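Student: I would like the atomic coordinates for the input below:
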Amino acid sequence: MLVAIKNWYKGNRIFIAVGITLIITFLSLFRVSPVIPKLNLNHADKYQHAVAYFVVTLSWIWSFQTRNNNKSMQLWILFAVFFFGVLMEVLQEVMTNYRTADVFDVLANTSGIVLAYLFFKVTRMKRVNLFFK
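Tutor: Numbers count the residues shown, from 1 in each chain. The predicted model follows:
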């Protein structure tokens, strides 16, 4: 069963990354408050930003992972995800009347990106490559 999942993932990882990116785009630009339950945490939206950008960053890094990891490709992915986050904030300000751009959201996005990269590096160093060898 795990081999089947691993083989399915290998053939579809770019589609998974694109899907996750589209979900983040949808959640960033459309009103979904009745669907998503409210969390009773201070600055809960910042945690949501960090988790979302952690997941999207990992999905893209894993999509382009090879046996000989190309560090420059990983850095391009980090930059692209960061730029995507900034773009989402700008589009929220320009395209919606119920959301605003927030520098602290960009900082939360960046923390998720950095944590995803560190997580990837640590798991690579320990040879814990779930589905990715």
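
Student: Check the spacing between Trp60 and Tyr98 real quick.
Tutor: 28 Å (CB to CB, to the nearest Å). The C-beta positions use only the backbone N, C-alpha and C, and glycine is treated the same way.

Student: From what I see, Gln74 and Ser63 are in contact.
Tutor: No. Assessed by CB atoms under 8 Å, Gln74 is found out of contact with Ser63, at 11.2 Å.

Student: What separation is there between Phe64 and Ile24?
Tutor: Phe64 sits at a distance of 18 Å from Ile24 (criterion: CB to CB).

Student: Then Trp60?
Tutor: With CB to CB as the criterion, Trp60 and Ile24 are 11 Å apart.

Student: Have a look at Phe64 and Ile24 and say which one is more surrounded.
Tutor: The residue with more neighbours, out of Phe64 and Ile24, is Ile24; 21 against 15, by other CB atoms under 10 Å.

Student: Surely the more buried one and Phe54 touch.
Tutor: No. Contact status for Ile24 versus Phe54: not in contact, 11.1 Å apart, counting by CB under 8 Å.

Student: Can you pull the phi and psi angles for Ala101?
Tutor: For Ala101, the backbone dihedrals (degrees, to the nearest 10) come out as phi -70, psi 140.

Student: same check, this time on Thr96
Tutor: As for Thr96, its main-chain torsions (degrees, to the nearest 10) stand at phi -120, psi 160.

Student: Look up the pLDDT of it for me, please.
Tutor: Predicted confidence (pLDDT) for Thr96: 85.

Student: number of nearby residues for it?
Tutor: Around Thr96 sit 13 other residues, with neighbours defined as other CB under 10 Å.

Student: again, but for the one 5 residues further on
Tutor: Applying other CB under 10 Å, we find 14 residues neighbouring Ala101.

Student: Please list all residues in contact with it.
Tutor: By CB atoms under 8 Å, 6 or more residues apart in numbering, the contact set of Ala101 is Glu89, Val90, Gln92, Glu93.

Student: Please apply the same query to Glu89.
Tutor: Glu89 makes contact with Ala101, Asp102, Asp105, Val106, according to CB under 8 Å, 6+ apart.
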